[in-house]
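*Asks:* Okay, sequence plus prediction incoming.
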Amino acid sequence: MVAVRWYLRYGLSYRDMEELVPERGVVVDHVIVYRWVPRFTPLLIDAARPCRHTPGDRWFVDRDVRQSGRTLGLYRAIDQFGQVIDILVAEKRDLAVTRRFFTQTLEHGPCAAEVSTDRAPAYPRVRDELLPPACHVTEQYATNAVEADHDRLKSRLRPMRGLKRLRSARVISTGHAFIQNLRRGHYELALDLDPNHQLPAALTERSRHLNNTKAAVNGAHPSTNATAATWMADAGVSGTRPAEDRGHGSLTTTQRYRHPDATSIAVAGDSLTAFLSVRRSRDGPQLRAVPNPARSAANMKKTR
């Protein structure tokens, strides 16, 4: 969880995470962090959704374009209190995508009384369909608030050299907005603590809640002191995913890693020790080189 929080909060790369996380006693590879972020970020967002504050009645909407090999439309909406209401990343920037963005934004709370956007032609039509009573503001500098808030995301994406995959763009943008809302106090989580300690405490609380909920559904006892692979399994990851994330070749290997049998390990160690301690005889099986027919034919041609 520390790795996911650090990656979403600070401008770090996966290689940086590979160097920093072992300081907390967990040895991970950068590929493991790469797989943890898209897996656990949506789970944390869903777990913290009941504690989120209701958005305000004044919305500031902006549509930015991210280019790194492809063009992506990044829609963002914040309220007058600085809370990021919703984010939508899409390959197109047309009327249908704009309608879809406002539709899912309305799911977070009541209808807005005022919406500030730029002068894109799609906004007035969508506002007339979904927000008829709202006042539409298109004056100059009306969207300065959301553009200034968007600079935070731009500074986070700068070490990544842009967004290359649509799935990664969605996870990073939504995860960064989630962390920003937590830091600004838009969730009823750890508000009684010092502001510098609210973010780790809130994420720890939600991760434990998620772990306990999944354990209760499965009929198991909640465990807050579990390894990363076990936590992934308890969080609902399929059986093959922990094997992939740990770099194991089979599910059996991952299961033995997560729940080792001390007796089997001791027996295997004794067998290996006995095998290595036996003196080898020259009359025993020997290694011999097997010639490769294809390579032999190639050498014959070179000789000729």
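*Replies:* Received, thanks.
*Asks:* Where does pLDDT dip in the chain?
*Replies:* 66-70, 161-163, 209-266, 268-269, 272, 275-304 (pLDDT under 70).
*Asks:* Spell out the residue ranges of the strands in it.
*Replies:* 58-67, 71-79, 84-90, 114-116, 135-137 (DSSP state E).
*Asks:* which stretch among those comes nearest Asn144?
*Replies:* strand 58-67 (8.3 Å; C-beta to C-beta). All C-beta spots, glycine's among them, are computed from the backbone N, C-alpha and C.
*Asks:* Let me have the closest one in CSV, keeping just the CA atoms, if that works.
*Replies:* C-alpha atoms of strand 58-67 as CSV (Å, rounded to 0.1, in the frame of the first residue of the first chain):
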residue,chain,number,x,y,z
ARG,A,58,-20.6,25.3,-8.8
TRP,A,59,-18.6,23.2,-11.3
PHE,A,60,-15.6,24.1,-13.3
VAL,A,61,-15.0,21.8,-16.3
ASP,A,62,-12.0,21.6,-18.5
ARG,A,63,-10.9,19.4,-21.3
ASP,A,64,-7.2,18.9,-21.8
VAL,A,65,-5.3,16.9,-24.4
ARG,A,66,-2.5,14.5,-23.6
GLN,A,67,-0.3,13.4,-26.5
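*Asks:* Out of the strands of the chain, the one nearest Ala274 is which?
*Replies:* So among the strands of the chain, strand 84-90 is nearest, using C-beta to C-beta, at 58.8 Å.
*Asks:* Just the CA trace of that closest one, in CSV.
*Replies:* C-alpha atoms of strand 84-90 as CSV (Å, rounded to 0.1, in the frame of the first residue of the first chain):
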residue,chain,number,x,y,z
VAL,A,84,-12.2,16.8,-8.0
ILE,A,85,-15.7,15.6,-8.8
ASP,A,86,-14.9,13.2,-11.7
ILE,A,87,-12.4,12.5,-14.4
LEU,A,88,-12.9,10.9,-17.8
VAL,A,89,-10.2,9.8,-20.2
ALA,A,90,-11.3,9.0,-23.8
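*Asks:* Can you give the strand pairings for that strand, parallel or anti for each?
*Replies:* Strand pairing for strand 84-90, using DSSP bridges, gives strand 71-79 (antiparallel).
*Asks:* re the thing from before, tabulate the strands of the chain in JSON lines, adding columns for mean neighbour count.
*Replies:* Listed next are the strands of the chain as JSON lines, based on neighbours: other C-beta atoms under 10 Å:
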{"stretch": "strand 58-67", "mean neighbour count": "18"}
{"stretch": "strand 71-79", "mean neighbour count": "21"}
{"stretch": "strand 84-90", "mean neighbour count": "22"}
{"stretch": "strand 114-116", "mean neighbour count": "22"}
{"stretch": "strand 135-137", "mean neighbour count": "14"}
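*Asks:* Dump the ones you listed into CSV; add distance to Lys154 as well.
*Replies:* Shown next, in CSV, are those (distance: least, C-beta to C-beta, whole Å):
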stretch, distance to Lys154
strand 58-67, 8
strand 71-79, 10
strand 84-90, 14
strand 114-116, 20
strand 135-137, 24
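*Asks:* Now Gly185. Nearest residue, chain neighbours left out?
*Replies:* Distances taken as C-beta to C-beta, 6 or more residues apart in numbering put Leu191 closest to Gly185, at 6.4 Å, once the chain neighbours are dropped.
*Asks:* Please report how far the one you found lies from Leu199.
*Replies:* 12 Å (C-beta to C-beta, to the nearest Å).
*Asks:* Perfect, that will be all.
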